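Colleague: mind looking at a prediction? Sequence and model below.
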Amino acid sequence: MHALPLFFALLLVVEKHNDSVSFYELANGAPVATVKVGHIPHEFVFSADKKSVYVTNYGTARWTDEAPGGNTISILDLATKKVTGEINLGEFHRPHGIELGHSGKLYVTCDIPSAVLIIDPMQRKIERVLRYPAKELPHMLAVTRDEKTLYTANAGNGAITVHNLKTGAVNSIEVGGVPMGLALTKDERTLYVATRTADTVVEIDTRKWTIRRTIKLAGQPVRLQLLPNEKQLLVSLIVDGAMVVLDTKTGQETHRLKVGLNAEGMHIDPVTNEGFVSAQGEKRVVRFSLRTFERTGVVNTQERPDPILVHR
């Protein structure tokens, strides 16, 4: 009797300036396939059944651009490695941040007009629109497990907005700079915010809706990733081209890994105990140990790799 082969694991990478999502072998980084999606895709998320990914087609190079950009979300089937459809967003352009709720609904930020869309991906239909004042530019977002609370980092006004999706109540808190990356703890009592131009990581008490601590971190922090034990927070620095590890108890930097130009997207894989961070300006994803935080390898990619997922 022959042993069953191990499941073939893949590293998925959005390559913004190649208008693509590419598949690489997780074991050795070998290229498997490159699939064209929309123009300048930015973020992606698995479907509820993990059989597809939804990719936001931003359509312009920078969040500061005035161009209208794209208004679609590509649906990429992971088995066939083909785009099987898209969600048309109509008047809503430059979709960026995207999260999947436990219900299977998608939560998507848009720049023009500034809004968060709640989407039924099976029907490919916008169910609800949370409108923002012009140019507040909600960039990235986080949603609670019960889908009653939504947080957005607003690149246009230096604030974090919280929506009570049940009552409609809205509140905000100033964090300064250009807030981008978010990380919500498992107990949902703490929200970490990367503020790009203020060079800080801000820790918010979500119950009191107050700033608990501000950690200075030069190099323009842009993305955050909590490790499973939540004792450490990974921060990518887009100007310094590094990935930094912060101790969540003390707020102190404990490790620093040089990644390369324009470090941004990050992902962790508890199965292999590895992490991944993109170096957009050098067309590569750097892999590292979650134990030592030292480099374990490099995956060469297409132009401007950013967000990363592992698929099994």
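Modeller: Here it is on my side, so go on.

Colleague: all contacts plus neighbour counts: C-alpha atoms, from now on.
Modeller: Noted.

Colleague: just to be sure, residue 288 is in a strand?
Modeller: Yes. Counting by DSSP: H, G, I helix; E, B strand; the rest coil, residue 288 is located in a strand.

Colleague: pretty sure it is touching residue 278, no?
Modeller: No. Applying CA atoms under 8 Å as the test, residue 288 and residue 278 come out as separate, 11.4 Å apart.

Colleague: so for those two, which sits in the more crowded spot?
Modeller: Taking other CA atoms under 10 Å, residue 288 and residue 278 do not tie; residue 278 has more neighbours (36 against 21).

Colleague: quick check: closest non-adjacent residue to the more buried one.
Modeller: residue 285 (4.3 Å; CA to CA, 6 or more residues apart in numbering).

Colleague: cool, residue 34 as well?
Modeller: According to CA to CA, 6+ apart, the nearest residue to residue 34 is residue 22 (4.2 Å).

Colleague: with residue 266 instead?
Modeller: Going by CA to CA, 6+ apart, residue 266 has residue 277 as its nearest residue, at 4.4 Å.

Colleague: and the gap between the one you found and residue 112?
Modeller: Distance, residue 277 to residue 112, using CA to CA, to the nearest Å: 29 Å.

Colleague: with neighbour numbers in mind, choose between those two.
Modeller: Just comparing residue 277 and residue 112: by other CA under 10 Å the higher neighbour count belongs to residue 277, 30 against 22.

Colleague: so who does that one touch?
Modeller: 236, 243, 259, 263-267, 285-287, 308 (CA atoms under 8 Å, 6 or more residues apart in numbering).

Colleague: with secondary structure as extra columns, can I get those residues in a markdown table?
Modeller: Converted to a markdown table, the contacts of residue 277 look like this (three-state DSSP):
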| residue | secondary structure |
| --- | --- |
| 236 | strand |
| 243 | strand |
| 259 | coil |
| 263 | strand |
| 264 | strand |
| 265 | strand |
| 266 | strand |
| 267 | strand |
| 285 | strand |
| 286 | strand |
| 287 | strand |
| 308 | strand |
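
Colleague: just the closest of those to residue 97, please.
Modeller: residue 265 (12.2 Å; CA to CA).

Colleague: which residues touch the closest one?
Modeller: 223, 236, 277-278, 305-308.

Colleague: hang on, the earlier thing: isn't the residue nearest to residue 278 up against residue 304?
Modeller: No. Using CA under 8 Å, residue 285 makes no contact with residue 304, being 10.0 Å away.

Colleague: which neighbours do those two share?
Modeller: Joint contacts of residue 285 and residue 304 (CA under 8 Å, 6+ apart) are residue 279.

Colleague: more neighbours, these two?
Modeller: Higher neighbour count among residue 285 and residue 304: residue 285, with 29 against 22, using other CA under 10 Å.
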